[in-house]
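Asker: sequence first, then the predicted structure, then my questions.
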Amino acid sequence: MVMKRIVVLIFAVIINILINTQIARSQVFVKVRPMAPVHVAVRGVAPSPFHVWVEPEWRWRRHEYVYIEGHWARPHRHQIWIPGHWIDTPEGSKWIHGYWGRR
């Protein structure tokens with residue numbers, strides 16, 4: 001009985017890992033890139049000399065790309081903001097998210 005439970009548990013863990021790996025690998029491609037909203041964003045003054053401006057981004061939410069306004073952020077030590085950008089592939093365009101990188 002104990003052996004049967006262990007086998008079922010191991011099987012469930014393996015299935016969970018396979019499903020989560022496929023979800024993590026999923027990518028969203030679009031044939032037509034979304035248009036950024038047409039308005040003038042005011043950056044304003046940085047809250048401190050340590051803050052950097054994070055450019056506006058696209059995020060995939062609920063089956064569509066959503067435009068996220070730019071904002072001031074304070075990076076961790078020795079990090080710089082690498083802005084997001086679109087790349088073209090045979091499947092369509094894909095948004096590469098901005099991220100904090102090492103200097």
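Answerer: Done, it's in.
Asker: what's the closest non-adjacent residue to G101?
Answerer: Spatial nearest neighbour of G101, chain neighbours left out: I82 (4.6 Å); criterion: CB to CB, 6 or more residues apart in numbering. Backbone N, C-alpha and C define where each C-beta goes, glycine included.
Asker: what's the first helix or strand after the lowest-mean-pLDDT helix or strand in the chain?
Answerer: Using mean pLDDT, DSSP states H and E, helix 2-25 stands out as the lowest-scoring helix or strand of the chain, at a mean of 56. Heading C-terminal from helix 2-25, the first helix or strand you meet, by DSSP states H and E, is strand 52-54.
Asker: against W100, how distant is the residue nearest to G101?
Answerer: Using CB to CB, to the nearest Å, I82 is found at 7 Å from W100.
Asker: what do you get for P37?
Answerer: Applying CB to CB, the value for P37 to W100 is 25 Å.
Asker: check M3 too.
Answerer: Distance from M3 to W100, by CB to CB: 47 Å.
Asker: and these two? which has more neighbours close in?
Answerer: When M3 and W100 are compared for neighbours, W100 comes out ahead with 14 against 7, by other CB atoms under 10 Å.
Asker: and the strand or helix carrying the more buried one, what does it pack against?
Answerer: Using DSSP H and E, W100 maps to strand 99-102. With contacts defined as 3 or more CB pairs under 8 Å, 6 or more residues apart in numbering; DSSP states H and E, strand 99-102 has these neighbours: strand 79-82.
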